[in-house]
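> Please work out how this folds:
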Amino acid sequence: MAYFSRLTDIVQCNLTRLLEESDDPQATLTEIIAEMESGLAGARRSMKTALANEEKLRSEVEGQSGQITFWSDKARAEMAAGNEDKARLALIRKHEVDDLAASLVDQLKAAEQTRDHLSTTFRALEARLADARRRQQTLAAGGDWKDAEDDNDATPAETSHSSEIEDELAELKRQLGQAD
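Numbers count the residues shown, from 1 in each chain. Down below sits the predicted model:
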């Protein structure tokens, strides 16, 4: 049985309700975790693609900026040489490149927003998956999955941000003058 049709379904799911409606919470969690892992893998691929697109657009914008400079310099040189018609043509090319660059800048902004959205979704998926795994571990240990609902005692190994968390914790201790 497929529980999720979209990544946002995973982020917005009510895991408690799904488990309450299940005849076999352990099997349900196993299926849900498999779907979440698949969704996370897809989200990771989408993030890589979005980042590559963003980098490509940024490179194109930089290239067009160089072209704008080239055509401006060309127009200035032609005008200095007394070639008004050639200067005019260079300025026409410069304006064409300006228009293209403006379009690329808009595309770059959209690509950045897409990457930001995918990154936020990815982090939310990671959090949901960590919650499901915590509940599964509780069940495997013979506990009730409901006991894991409000379990804020997750160990650093249970989170993908363990290094960041430990660094932040050490910084907080340092700021408060506490020893490790």
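> Got the phi and psi for Leu15?
Here is the backbone geometry of Leu15 (degrees, to the nearest 10): phi -60, psi -40.
> Which parts of the protein are helices?
7-12, 15-20, 25-80, 84-140, 162-175 (DSSP state H).
> Which elements pack onto the first one?
Right, the one you point to is helix 7-12. Contact analysis of helix 7-12 by 3 or more C-beta pairs under 8 Å, 6 or more residues apart in numbering; DSSP states H and E lists helix 25-80, helix 84-140 as its packing neighbours. C-beta coordinates here come from the backbone N, C-alpha and C atoms, glycine included.
> And those: which comes nearest Leu176?
Closest approach to Leu176 among the helices and strands packed on helix 7-12 (C-beta to C-beta): helix 84-140, 26.7 Å.
> Check which helices and strands that closest one sits against.
Under the contact criterion of 3+ C-beta pairs under 8 Å, 6+ apart, helix 84-140 touches helix 7-12, helix 15-20, helix 25-80.
> could the helices and strands packed on helix 7-12 go into TSV alongside mean pLDDT?
TSV is the format used below for these (pLDDT from 0 to 100):
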stretch	mean pLDDT
helix 25-80	94
helix 84-140	93
